[in-house]
Every structure is written in structure tokens, then in C-alpha cells.
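Asker: Take this sequence and fold it.
(2 chains)
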Amino acid sequence: MSQPLSCTTTEMMTVAAARRLRNGVVCFVGIGLPSTAANLARLTHAPDIVLIYESGPIGAKPSVLPLSIGDGELADTAETVVSTAEIFRYWLQGSRIDVGFLGAAQVDKFGNINTTVIGPYDKPAVRLPGAGGASEIASLARDVFIVLQQSRRTFVEKVDFITSAGYLDGGDARARLNLPGNGPAAIITDLCIMEPEAGSREFVVTHLHPSVTREKVVENTGWAVRFASQVVETDAPSEPELMTLRALLQRTAEAHARM
Amino acid sequence: MPEIVTLRDAIAQVIHDGDVVAMEGFTHLIPFAAGHEVIRQKRRDLTLVRMTPDLIYDQLIGAGCARRLVFSWAGNPGVGSLHRFRDAVEHGWPNPIEIEEHSHADMANAYVAGAAGLPFAVLRGYAGSDLPRYSDRIKPIRCPFTGLELTAVPALRPDVTVIHAQQADRKGNVLVRGIVGVQKEAVLAARRAIATVEEVVDALDADFNACVLPHWVFAAVAVARGGAKPSYAHGYYERDNRFYKEWDEIARTRESFQQWLARHVTNGEAA
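Answerer: Predicted structure coming up:
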């Protein structure tokens, strides 16, 4: 076996997130890291993945990553472009989405997402963008993956505001709401992968990325994080994964610098 | 039948102080030229409605046109914060603004209800979210047939909706192509509507199911070439992603924002 390629922690996170998307799934994609990971999956192991963006494109195959959720290339490469009302009503609410791929400003140990405010709602210390499509993606997509950089600031015991529901207070709290979606299946970070523990629904570490220690994860988590009984080391990015990701980001940087 | 009028006349005749105004366009076809004309004509106390306030409402808020903002995602897409929006919410500059916050699914449904002449929309929304606790415009409702608990939100009925589109014909029928967002719903939900277009053509080359809004739903149609920049008009010009990134610096301080506004929108006059 050849020596693993050296890569950044962000590259590791993106590759680990992309691997979660099985070929052929219908994926509702948020902008930023989720869009990078979903397109990497499409360009590597999942060529038949269907990418849906909330602005209207269904089956988009962009050659460069969009900066916004509605860049023209998404429409040019899509199988069809529908109205935004239709996207939310027929496609998301109509239960046609397998995977919702979300980012977050804050996430807590039960996978609840905050993208609304830091501090009190009426007098916020930081005003964040708000819900966008995320609150309904989180409740209506069959499975949800969350991808974000891990730190004590972003991984908190309890989010200041639940914008998008994970497992709420844990246990059967989400199940009692009878939602169509199963809830977040994994949180993929630059250090590790966490999955919800059976019963409590608290997120525990199931995978450590190469050369990341347990201490490093503990230092960067705002709750007393626990580890699954069997913690697996994430496979390092393969050469094709890494080369494809870097080429995608390079094409994107060149395209966005033009204009 | 709307006349093809100048942008100045369209705004002067159709938008008044205190109106509820929706300028829609989901990333694509954002009616910036119309927004700048509203700033130049010094409209005040507007309730601004838009799913994604984007740079256009950052500019209107910073210029002091807004009293209230109704929105569902207030960021600079792929870049970061809307600094003028945050300055108004966090510090009340240049004036305090009230905010009324929703989700995308909610606002899209609320426009559909407005267009359909219904008082409210029903959706599977906000499950487990904290937002309904802070809003009197998001309420639970029980399905009378199944007993299922759903969410009700009031219909959006703007006084004025403004859109930008690629083309109008000489009668004022308007063709929207590409990512059409919620423009059709927002126009049909409004009491009055304005379209700005890239150009007027003899005949719209539109297929049967194309998004064509008939001339008689508009109060005014005006030509504004390049009127969606720095967003884009599919088939005419691309999104100016570089400007969206530069906006982060321009809007970061009150001084640099005001300089930009004076130079590019108000031609030296105070907003």
C-alpha cells in the first residue's frame, strides 16, 4: 500500500462527508461545505446522485461550485428547473428527498442546529442569517447529514436557538413529533464523525480522522463528549478523491475570480 | 395594459412611503436598478419583504428606506453577513428596524396563498423549531380530516411586488427564464406590480409552459438594461461573484457604505 497522501483537515472533512452519499440518492444541498461534498460525491463514487438546490434546479451537475444557491450554471446543467415554491411544496414536503445536507453555525449534542442568533432572540449578540430552507429540510428529508468545522464555539451543550430540529431533548423527543424525516444520521467535522447513540440519541464519536487524538476532539467540543465502544479510524482520502476535490476547487476559484 | 414607462416614473407612480414592498428574484434577476431608484426617490417607512434580503435590501436598509423587514434567510450567499442589516438590527443604524422572520418553505407557501386569494397557507413546517415561540405569525393548525397537526402562516399580500425579467413585448407581457424563484407567485399576490426588463422585443420566443406574466397584471413595465447587476440575468450576463465578495468590505463600515452609495446610487446626494 502506498503512503497516504498528506491533506488538510478541511479536505478530510469534505471527503468523509462525500462518502456518506450513496450513488443514486436524491440530495437537497445547502450552499458551502455541503455543496462541495455533494459535488465531490457526484464526481467520484456517485455519478447518478441527484442534486436539488432550493432555488429550483433538479439534477444539477455544475462543473464549478456555485457561490450562491442560484448560480446560472445550476440551471444550465439541471434536468429541469422548477419554481422555488414547487421545490419546497412538491419535492421536499412531498417526501421526494432522500438526504438533506446541512451546514450550521452551532450544533448541540442532540444534533439541533442554530443558524438564527447567538444570545437572546430579542437582543442578539450575533444576528445570523436565519432558517432559509434548513428547518424544513431537517424535518422532512429522510436522512440528514450535518457538516461543519469543530470547535468549542460551534459544538455546544445546548444551542442558543433551535432553528432546525435534530433530536431536540434526546430520547424519544423527536419521535413524539411524528416527523417524516429520521433526523441527523451523522455530524461530519474536520476532526471526526459523530453518530447518534441508540436510546439517548446523543451524538458520540464513531470515527476519528487519521492522526486526530481523542484529547483533540474533547478540547474542541463544548459538551462532555463520549466515544462509541468501537471507534474506527477514517480512511485517509484516496488519490482520486483528493485530486478530484482539488481540481474542483481550483476550477471554482478561477471561475469566481473572472467576471 | 401597462405602458412601457421609465423606471423613474414606475417607482414614482407605484411605490409610496409606508408601502409593503416585495422585490423578489431568488439569487437570479434581483431588481437592483429598481431598488436604487427607490433609494434615489427617498422612500421611507417601507416594509420590505424578500426571502433572501441579499445586497439589494442591505442597500435599502443602510439608505434608511426600511421600517420593517420580512425575510427567511439574511446573508450574503457564500460570503457571510449582511453588515447593514446587522447594524440596523443590532445597533439601530441608520434607524431601528423591526424584523419578522420565517423559513423559506413558509414564505414560498405564503406567496402561493396570497396569489391564490387565501388568507393563510398550510405547511408541514417548523417542527421542533424555536421560531414559532417568537412569532405571532406562525401558528399550529389541525387538519379537519386527519387530525394531523400542521403549521399555518398568513398569506403574503404586498402592496407592491417588483421583479426584473429578461424580456417584455411591446404590449408589456413579461417573460422570465431560468431560475424563476417565487416571482410569479409574488406578482400575483401583490395589489400592484412592477416589472423591469432587459429589453423590449417584438415577440417573446416563449414555449407553451414558459413563465410569461400577462401585461394586465402589471401597473408598470420599464426597461432597465443591466437592471439585475450584480446578480444576473440568464442569457444576458453572469452573476458578478467578485462584487458579492467585495460587498463584504464595502458594507462593513457605515462610512465605506455611504461613500459607495453616494458614488454609485445617489450621485453625491445624501440618501
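
Asker: what kind of secondary structure is residue B:208 in?
Answerer: coil (DSSP: H, G, I helix; E, B strand; the rest coil).

Asker: give me the number of residues near it?
Answerer: 5 (other CB atoms under 10 Å in any protein chain shown). Any C-beta I mention is one placed from the backbone N, CA and C, and that applies to glycine too.

Asker: Name whatever forms a beta bridge with residue B:164.
Answerer: Residue B:164 has these beta-bridge partners by DSSP bridges: residue B:196.

Asker: Next, count neighbours for it.
Answerer: 31.

Asker: Looks like it contacts residue B:236 (just checking).
Answerer: No - at 10.4 Å, residue B:164 and residue B:236 do not qualify as touching, with contact defined as CB atoms under 8 Å.

Asker: shared neighbours, the two?
Answerer: Common neighbours of residue B:164 and residue B:236 (criterion: CB atoms under 8 Å, 6 or more residues apart in numbering or on different chains): residue B:198.

Asker: And the longest helix along chain A, how far out from the chain middle?
Answerer: Criterion DSSP state H: the longest helix present in chain A is helix A:239-257. When distances are taken as CA atoms, centre = their mean, to the nearest Å, helix A:239-257 is centred 19 Å away from the chain's centroid.

Asker: what's next to it, contact-wise?
Answerer: Under the contact criterion CB under 8 Å, 6+ apart, helix A:239-257 has outside partners A:5, A:7, A:11, A:14-15, A:18, A:36, A:39-40, A:43-44, A:63-65, A:67, A:237, B:241-242, B:245.

Asker: so what pLDDT did residue A:68 get?
Answerer: For residue A:68, the pLDDT comes out at 78.

Asker: Can you give me the distance of it to residue B:265?
Answerer: Separation of residue A:68 from residue B:265 (CB to CB, to the nearest Å): 22 Å.

Asker: of these two, who's got more company?
Answerer: Using other CB under 10 Å as the criterion, residue A:68 and residue B:265 rank with residue A:68 on top: 25 against 17.

Asker: for the more buried one, what are its contacts?
Answerer: Residue A:68 makes contact with A:31, B:27, B:77-78, B:239, B:241, B:244, according to CB under 8 Å, 6+ apart.

Asker: Now with 10 Å, please.
Answerer: Contacts here follow CB atoms under 10 Å, 6 or more residues apart in numbering or on different chains; on that basis residue A:68 touches A:31, A:53, A:55, A:74, B:26-28, B:52, B:54, B:75-79, B:231-232, B:239, B:241, B:244.

Asker: Mind checking which of the residues you listed land in helices?
Answerer: Counting by DSSP H, the part of the contacts of residue A:68 found in helices is A:74, B:54, B:241, B:244.

Asker: The last one and residue B:258, how far apart?
Answerer: By that I understand residue B:244. Noted for residue B:244: a distance of 20 Å to residue B:258, by CB to CB.

Asker: if you count what's nearby, which of these two comes out ahead?
Answerer: Comparing residue B:244 with residue B:258 by other CB under 10 Å, the one with more neighbours is residue B:244, at 22 against 16.

Asker: is it true that the more buried one touches residue B:54?
Answerer: Yes - counting by CB atoms under 10 Å, residue B:244 does reach residue B:54; the two are 8.9 Å apart.

Asker: what touches both of these two?
Answerer: A:68, B:27, B:76-77, B:230-231.

Asker: Pick the one among the residues you listed closest to residue B:192.
Answerer: Lowest distance from residue B:192 to the shared contacts of residue B:244 and residue B:54 (CB to CB) belongs to residue B:231, with 22.9 Å.

Asker: Low-confidence stretches in the stretch 1-150 of chain A?
Answerer: Within the stretch 1-150 of chain A, the segments meeting pLDDT under 70 span A:1-5.

Asker: Please, where are all the strands along it?
Answerer: For the stretch 1-150 of chain A, the strands defined by DSSP state E, counting those that start in this stretch cover A:26-29, A:50-52, A:57-58, A:80-81, A:99-102, A:106-108, A:113-114, A:117-118, A:126-127, A:143-147.

Asker: what's the second one packed up against?
Answerer: Same thing as strand A:50-52. If you count contacts as 3 or more CB pairs under 10 Å, 6 or more residues apart in numbering or on different chains; DSSP states H and E, strand A:50-52 packs onto strand A:26-29, helix A:33-43, strand A:57-58, strand A:99-102.

Asker: redo that, cut-off 8 Å
Answerer: When contacts are defined as 3 or more CB pairs under 8 Å, 6 or more residues apart in numbering or on different chains; DSSP states H and E, strand A:50-52 packs onto strand A:26-29, helix A:33-43, strand A:57-58.

Asker: same question, the third one
Answerer: If contacts are counted by 3+ CB pairs under 8 Å, 6+ apart, strand A:57-58 sits against strand A:50-52, strand A:80-81.

Asker: Let's have these in a markdown table, adding mean neighbour count.
Answerer: Converted to a markdown table, the helices and strands packed on strand A:57-58 look like this (neighbours: other CB atoms under 10 Å in any protein chain shown):
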| stretch | mean neighbour count |
| --- | --- |
| strand A:50-52 | 24 |
| strand A:80-81 | 17 |
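
Asker: so which of the ones you listed gets nearest residue A:168?
Answerer: Among the helices and strands packed on strand A:57-58, the nearest to residue A:168 by CB to CB is strand A:50-52 (26.1 Å).

Asker: what's that closest one in contact with?
Answerer: The contact list for strand A:50-52 (CB under 8 Å, 6+ apart) reads A:24-29, A:38-39, A:42, A:57-61, A:87, A:91, A:97.

Asker: count of residues packed around the closest residue to residue A:20 other than its chain neighbours?
Answerer: Using CB to CB, 6 or more residues apart in numbering or on different chains and skipping the chain neighbours, the partner closest in space to residue A:20 is residue A:145 (5.4 Å). Other residues within reach of residue A:145, judged by other CB under 10 Å, total 22.

Asker: Repeat that for residue A:140.
Answerer: Counted with other CB under 10 Å, residues neighbouring residue A:140 total 26.

Asker: That one: what's it in contact with?
Answerer: Counted by CB under 8 Å, 6+ apart, residue A:140 has contacts A:92-93, A:95, A:97, A:100, A:179-181, B:124.
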